[in-house]
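Participant: build the 3D model from these lines:
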Amino acid sequence: MRLLDIGCGPGTITIGLAAAVAPAEVIGIDIEQSVLDQAQTLASQQNIPNLRFERASAQALPYEDHTFDAVFAHTLLEHLPDPLIALHEVKRVLKPNGLLAVRDCDW
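Facilitator: Now for the predicted structure:
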């Protein structure tokens, strides 16, 4: 299994996801390097071997088609100028019958 957390921020939720699906691979991405540095520090302190963080945009995911079994996005879509672009990218990288989990605000 492979899980992608887009807009992972400082990684607190991503670390929980990695623990829940271990030993499956988990990747957390964000466009802000400063929060990725925080996430990597936290993951290293907790010794989470199945997790890595990468700088990437949700609107141009650097992964091949049908790469992930699950994609998670927590309070991401509300911050994007065009959330549909990101959702199309998620659909592209999800395996057939993959799972997308989104938690966002309804403004």
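Participant: and the nearest residue to Pro10 once chain neighbours are set aside, what element?
Facilitator: Nearest residue to Pro10, sequence neighbours excluded (Cβ to Cβ, 6 or more residues apart in numbering): Gln38, at 4.3 Å. The way it works is simple: take the backbone N, C-alpha and C, and place the C-beta from them, glycine included. Using DSSP states H and E, Gln38 maps to helix 33-45.
Participant: pull out the buried residues from the helix or strand just after that helix.
Facilitator: Per DSSP H and E, the first helix or strand lying C-terminal to helix 33-45 is strand 51-55. Under the neighbour-count criterion of 16 or more other Cβ atoms under 10 Å, strand 51-55 has 51-53 buried.
Participant: can you put these in CSV and add distance to Leu87 and pLDDT?
Facilitator: Listed next are the buried residues of strand 51-55 as CSV, based on distance: Cβ to Cβ, whole Å; pLDDT from 0 to 100:
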residue, distance to Leu87, pLDDT
Leu51, 24, 97
Arg52, 24, 96
Phe53, 22, 98
